[in-house]
Structures are given as C-alpha cells and as structure tokens.
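> Please find the sequence and the predicted model below.
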Amino acid sequence: MFSIAHIDQLQTIWAPIVDSDTVYVGSLLVVSDEGVKPLPVASGAADTTNKNVIFGICVGTNNRTPVYNTTYMAEYITDATPLASTTEFAGVEGPWNKYNHCAMACVAIVDPSTVIRGDIFDGATGTAMTVATVTIGAAAAKSCTCDGIGFPPATTKMSKGYGTVHFRSGGNKGSYRILDSNASKALTWDKALYTRCVAGDTLVAVNGLRPIGLSQMQIGTEAGYIDGGTDASTNYFSVTVHRLDLRTAGKEFCEFRFNTCHFDPKRA
C-alpha cells in the first residue's frame, strides 16, 4: 500500500466515502461526488484523459470494529446509506457530526511536496516482480541476454530510459542501471557495469521508474500499489522518484512525489 515517507507538516482530515464505494487503508484517494474514492488507474500521458486531482492517502477508517481484506492486505471501509443504519462508527473529529452513522476515511493530505512510499508489485497485491537469470553477458558490460524478464508486454517503455534493472546476484550485485532496450530478454544500458554479466547472475526490472528523477508510474487495483510490470508508455502518472529500492523480492518499493500537473484539473 501507500504511505507518507516525508512531509513538512502532516495534515489529516475526515472525509465521507463515495456512495457504495470501498476505501482501503493505504489507498491513494481523489474527491468525487460527495466523498473520496480510490484513485483510478492513469489514462493518457500524465493522466490527461481522466485529469484526476490527487487528494490524499487513506490512513484510517471510522469502523468501530476494524475489517480486513486478505486480497488487498489492508483494512477497509464500505459506504452504505446512513438511513436507519445500525453500523457502529467511532473516532471522527473535526466539523462532522459524530452521530450521523456515515462511513468515513481518515485522509493524510497530499500536495506536490509530499514524498510518498509505495509498494511495487507485478499486476496484483503481493505478487513480487519476476526475477530473471542471465544467459549471456556482453564483454563491454553494457548488455545481457536473460531467460525472460517478465515484462508484459515485451515492448515496454524502455527506449527513452523509463525503466530500471537491478542485479540481485553475481559480480554486479546491488547495481542499478537505466534500461535503453524495450525487449523482454535482451537488455541494454549506457553506463558499463563493474564486470560483465555471466550466466547465472540474477536481476529484476521495473517499468516506467528510474532510480531517481522524472519517471512514468502506473498504479494497481484500488490504488494500493505501484504496478512495476505493466506498460507505462501510454497511460501513466508523472512522478519524480527520490528512492527506488529493488533489493528484496516481494518488498520492492519506491519513494516519489507526484508532479504538479496532477494537482491541476485544467491541464491539457
């Protein structure tokens, strides 16, 4: 899920949930209709089709008895009509009536300076990025062929340097390189490694994200994770990466901030 990695001053507020929607703790949120809902996946370059404005991250709910979803591995709350409701809620602060029996989310407000930490998965919560094994390494240490890196589809956004490979084992263990290639098995990069790759070295890669700087990011279902395996060439959020950590299988994460375009509903 997502969380705040760094912010100058954290502000949290309570907000109602969009009618009949479900919000998960750790989901990125937008305001819609009379409440908040999970941020939809990006559509268009920098989400210029949807033009959603980032609002915050859910950090809690007003369920008196917490409920947990094993698929998304998070607590959640589902809106239902307050009319004659017997559901017990508690903990709401601020201007909201504490006795209106309304499902609400506690939201940490996000602005362009907020650094967010997001888990990286491959197409589903809890699915780690595919680990590939080198079969051939070039003598110049600027390319290798592997048994399949697992990018769906094979032609992803690599040609302009929007993707990163990390070596998990071998003579270059711990190294990160920005990919130039867009093939799923033949990988190339500009800066030479310390030594050439050899058969048996292992590596992992993510789409869209660079180790630092301007990147293209897509999110997963219910706005709960970064999807590192999807094509980020056409539909993506524009983000600036502060830290990309691909060292541990199943615990890959990225710390980033949304670029200012995502806070302007009038962008082109």
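That came through, no problem. Numbering: from 1, shown residues only.
> Residue 240: neighbouring residues, count only.
Neighbours of residue 240 under the rule other CB atoms under 10 Å: 16. All C-beta spots, glycine's among them, are computed from the backbone N, C-alpha and C.
> Okay, now the unreliable bits of the stretch 101-250 of the chain?
150-160 (pLDDT under 70).
> Okay, strands next: where are they in it?
Counting by DSSP state E, counting those that start in this stretch, the stretch 101-250 of the chain has strands at residues 104-109, 115-121, 131-137, 143-146, 163-167, 176-178, 186-188, 202-207, 213-217, 226-227, 237-245.
> beta partners of the residue nearest to the spatial centre of the chain?
Nearest to the mean C-alpha position of the chain, by CA atoms, centre = their mean, lies residue 226 at 2.2 Å. Here residue 226 sits in beta bridges with residue 120, residue 219, going by DSSP bridges.
> what about stretch 20-35, start to end distance?
Start and end residues of stretch 20-35 are separated by 11 Å (CA to CA, to the nearest Å).
> Can you report phi and psi for residue 262?
Dihedral pair for residue 262: phi -80, psi 0, per degrees, to the nearest 10.
> Skipping its backbone neighbours, what lies nearest it in space?
residue 54 (4.9 Å; CB to CB, 6 or more residues apart in numbering).
> and the one you found, how far is that from residue 119?
Taking CB to CB, to the nearest Å as the measure, residue 54 falls 18 Å from residue 119.
> Kindly report the same for residue 254.
Using CB to CB, which is the criterion applied here, residue 254 is 9 Å from residue 119.
> tell me, what's touching those two both at once?
Residues touching both residue 254 and residue 119 (CB atoms under 8 Å, 6 or more residues apart in numbering) are residue 226.
> Name the residue in those two with the higher neighbour count.
When neighbours are counted by other CB under 10 Å, residue 254 and residue 119 differ, and residue 254 comes out ahead with 27 against 21.
> sec struct for that one, please.
At residue 254 the chain is in strand, as set by DSSP: H, G, I helix; E, B strand; the rest coil.
> buried stuff in stretch 28-48?
The neighbour-count check on stretch 28-48 (16 or more other CB atoms under 10 Å) flags 28-32, 35-39, 41-42, 45-47 as buried.
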